[in-house]
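Q: the amino acid sequence is not available; the structure is as follows:
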């Protein structure tokens, strides 16, 4: 099946500075795809190129098989998107802002969905209030409602949880999970790695304008670590390290890499050590991300 | 109440023609004493004509002048003239740049582009709505002006001199008044699109008008008036005879004479007036150019 979103050699350059360099992505249909990167890594530039707001210097991109920006018109209503700093008419109500956007897209049926969307995003009580009185978090919710206005097949979200309270973050996650269940492809850029970890099937990590890792979340996280809690952790550490496994302390626990839980259990038993706790834990995405994006000290920007 | 500006204006014009017949200065000197200089200064000539006009109306000079200024025809022309005047054009530029510039300032252009990726369609829709707002504003200002003239005449003269024009007069006047307003508001939008800021929407057309007005006054560049917009803005709208005005207008000055060097002697040379149709075509050409520039500028990246 065609990828929902694909790019090939996508590049954006301003003078000599690269925003994005030779970016190639493949986002499978129906997946929730996390797009990770530090500030300035090129995430927003990539998203704006996908949405036709910024022209690539080189390379191509496709959404639902149509090359964008040229072919975007034919699939425009199948793409919903929210930007990092969403803009609305401040003097107009939330309801009217959405209605104007529905009319702008000539999607007159969308107007009938506005009430449901405002309810879904927790804005029903403020539907008649002017957007100028909204907090940033409420504007983010409204932006998500606008992204869902045309009942899209592809949802592109740039930092949708930015500025949201925990309840708002939960609502965003719920919306993403619901859309995923309905078969919508979600392309999600976020700094909240824990949220990405909870909802995404696949991720790409972009660093300094280039993709440095891409694949399923489980593949990226690897086999994980064995967490073991023992009485004499010092003795256990030297014993396990002697077997060429990586061992690091994490409070009372030891985190053992390069071995399965069975191997660690057998090794400890052979030494007569009975662990209080022994479990396998996947590597946290945050650790993977930091490991991938860690620069050599002398290569960091001042 | 409705009136025909044609018959009203015709009557006034006929009086003005009578009042502006060649002056027999000898006869006036016999009545009022000798003039300070020969021939009399333009100001003295104007006073003589105004006195004649007042005498024709058999009214005290101030009342006669007030009646002429508040007459429906002159109020109609004076109000239309505002839209081709310096403050009228400044208002059009300010409103257009504020309305359109705010969409960049609020990042709303990006939101719209997400829902309508065809930038050309988006900008054309913006232009159409802007021009509709401008036309509605002109119609509203005209109606308001007639009402004000009506009330002022009632207070000042105890008689309602005003009234509302016929649809034909209003339509014809609006077409002439709207062309400069639409042209300069289009420049403002082009300025916003090129600079992505409200301030740019004011400075780009403002600078252009200033440059046009200054350069086309320099000898050697005077013929450029034929292609640049400011001169045509001065000619497209009807003007009330100075004797019908109560306050000095702020219209763009019409250049009807030009200083020329003739063998070392500097002389003033009369220039032909410009037909309103020609001015309208030139201004519409500039409007079209403004639209094209804005469309090209709007194809660039939308900033975040």
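A: Thanks, I have the structure now. The structure displayed is predicted, hence computed values, not measured ones. Numbering: from 1, shown residues only, chains lettered A, B, ... in the order given.
Q: how about the residue in the stretch 1-150 of chain A positioned nearest to chain B, what does it touch?
A: Using C-beta to the nearest C-beta, the closest approach of the stretch 1-150 of chain A to chain B is made by residue A:87 at 3.1 Å. C-betas here are computed from N, CA, C, even on glycine. Remark: with contacts taken as C-beta atoms under 8 Å, 6 or more residues apart in numbering or on different chains, residue A:87 is in contact with B:103, B:106, B:107, B:108, B:109, B:110, B:111.
Q: and residue A:204, by the same measure?
A: Applying C-beta under 8 Å, 6+ apart, one finds that residue A:204 lies in contact with A:25, A:33, A:34, A:35, A:36, A:211, A:213, A:214.
Q: gap between the residue nearest to the first one when sequence neighbours are not counted and residue A:189?
A: Once flanking residues are discounted, residue A:25 sits nearest to residue A:7: 4.6 Å by C-beta to C-beta, 6 or more residues apart in numbering or on different chains. Residue A:7 sits 14 Å away from residue A:189, going by C-beta to C-beta, to the nearest Å.
Q: up against chain B, what does chain A have?
A: Among all residues of chain A, those adjacent to chain B (criterion: C-beta under 8 Å from any C-beta of the partner chain) are A:44, A:48, A:51-55, A:69, A:72-73, A:76, A:81, A:83-90, A:101-102, A:104-105, A:143, A:146-147, A:149-150.
Q: any of these buried? List them.
A: Those of those that meet the buried threshold are A:44, A:48, A:51-54, A:69, A:72, A:76, A:81, A:83-89, A:101-102, A:104-105, A:143, A:146-147, A:149-150, by 16 or more other C-beta atoms under 10 Å in any protein chain shown.
Q: ok, the residue in chain B that chain A sits nearest to to residue B:304 distance?
A: Of all residues in chain B, residue B:107 sits closest to chain A, at 3.1 Å by C-beta to the nearest C-beta. Per C-beta to C-beta, residue B:107 is found 7 Å from residue B:304.
Q: what touches both of these two?
A: Listed contacts common to residue B:107 and residue B:304 are A:83, A:85; contacts here mean C-beta under 8 Å, 6+ apart.
Q: can you list contacts of the one helix or strand in chain A whose mean pLDDT sits lowest?
A: Lowest mean confidence among the helices and strands of chain A (mean pLDDT, DSSP states H and E): helix A:72-75, at a mean of 76. For helix A:72-75, contacts defined as C-beta under 8 Å, 6+ apart pick out A:52, A:63, A:64, A:66, A:79, B:117, B:118.
Q: mind redoing it with 6 Å?
A: The contact list for helix A:72-75 (C-beta atoms under 6 Å, 6 or more residues apart in numbering or on different chains) reads A:52, A:64, A:66, B:117, B:118.
Q: which pair in these spans the largest distance?
A: In terms of C-beta to C-beta, the contacts of helix A:72-75 reach their longest pairwise distance at A:64 and B:118, which sit 17.5 Å apart.
Q: in helices only, show me the contacts of residue A:87.
A: Among the contacts of residue A:87, the members falling in helices are B:103, B:108, B:109, B:110, B:111 (criterion: DSSP state H).
Q: please name the residues that touch the last one.
A: So the one you mean is residue B:111. Taking C-beta under 6 Å, 6+ apart as the contact definition, residue B:111 lies against residue A:87.
Q: if we go to 8 Å?
A: When contacts are counted by C-beta under 8 Å, 6+ apart, residue B:111 is found next to A:83, A:86, A:87, A:88, A:101, A:143, A:146.
Q: now swap in residue A:51 and tell me
A: For residue A:51, the residues meeting the contact criterion (C-beta under 8 Å, 6+ apart) are A:68, A:79, A:81, A:156, B:113, B:114.
Q: surely the fifth one touches residue A:53?
A: Yes - contact criterion C-beta atoms under 8 Å: residue B:113 and residue A:53 qualify, at 5.9 Å.
Q: what do the two both touch?
A: Both residue B:113 and residue A:53 are in contact with residue B:302, where contact means C-beta under 8 Å, 6+ apart.
Q: relative to residue A:129, which of the contacts of helix A:72-75 is nearest.
A: Out of the contacts of helix A:72-75, the one with the shortest distance to residue A:129 is residue B:117. That distance is 29.5 Å, counting by C-beta to C-beta.
Q: tell me the secondary structure at that closest one.
A: For residue B:117, the secondary-structure state derived from DSSP: H, G, I helix; E, B strand; the rest coil is coil.
Q: grab the nearest non-local neighbour of it.
A: residue A:72 (4.6 Å).
Q: next, count neighbours for residue B:223.
A: Residue B:223 has 8 neighbouring residues, counting by other C-beta atoms under 10 Å in any protein chain shown.
Q: per-residue pLDDT of it, please?
A: Residue B:223 is assigned 81 on the pLDDT scale.
Q: over to the one 3 residues further on?
A: We note a pLDDT of 87 for residue B:226 in this prediction.
Q: show the contacting residues for it.
A: By C-beta under 8 Å, 6+ apart, the contact list for residue B:226 reads residue B:282.
Q: so which residues of chain A form strands?
A: Listed in chain order, the strands found in chain A under DSSP state E are A:5-14, A:17-27, A:32-37, A:58-63, A:66-68, A:79-82, A:154-158, A:185-189, A:202-207, A:210-216, A:225-229, A:246-250, A:253-257, A:277-281.
Q: what lines up beside the fifth one in the sheet?
A: Note on strand A:66-68: by DSSP bridges, its sheet partners are strand A:58-63 (antiparallel).
Q: please enumerate residues in contact with the partner strand?
A: Under the contact criterion C-beta under 8 Å, 6+ apart, strand A:58-63 has outside partners A:2-11, A:13, A:22-23, A:49-50, A:67-68, A:72, A:75, A:79, A:154.
Q: mind checking which of the residues you listed are buried?
A: The neighbour-count test (16+ other C-beta under 10 Å) applied to those identifies A:3-7, A:10-11, A:23, A:49-50, A:68, A:72, A:75, A:79, A:154 as buried.
Q: quick one: furthest residue from the center of chain A?
A: No residue in chain A sits farther from the centre than residue A:272, which is 44.7 Å out by C-alpha atoms, centre = their mean.
Q: please report phi then psi for it.
A: According to degrees, to the nearest 10, the main-chain angles of residue A:272 amount to phi 80, psi 20.
Q: related to what we said a few turns ago, from the contacts of residue B:111, which two are the most distant?
A: The most widely separated members of the contacts of residue B:111 are A:83 and A:101, with 13.0 Å between them, by C-beta to C-beta.
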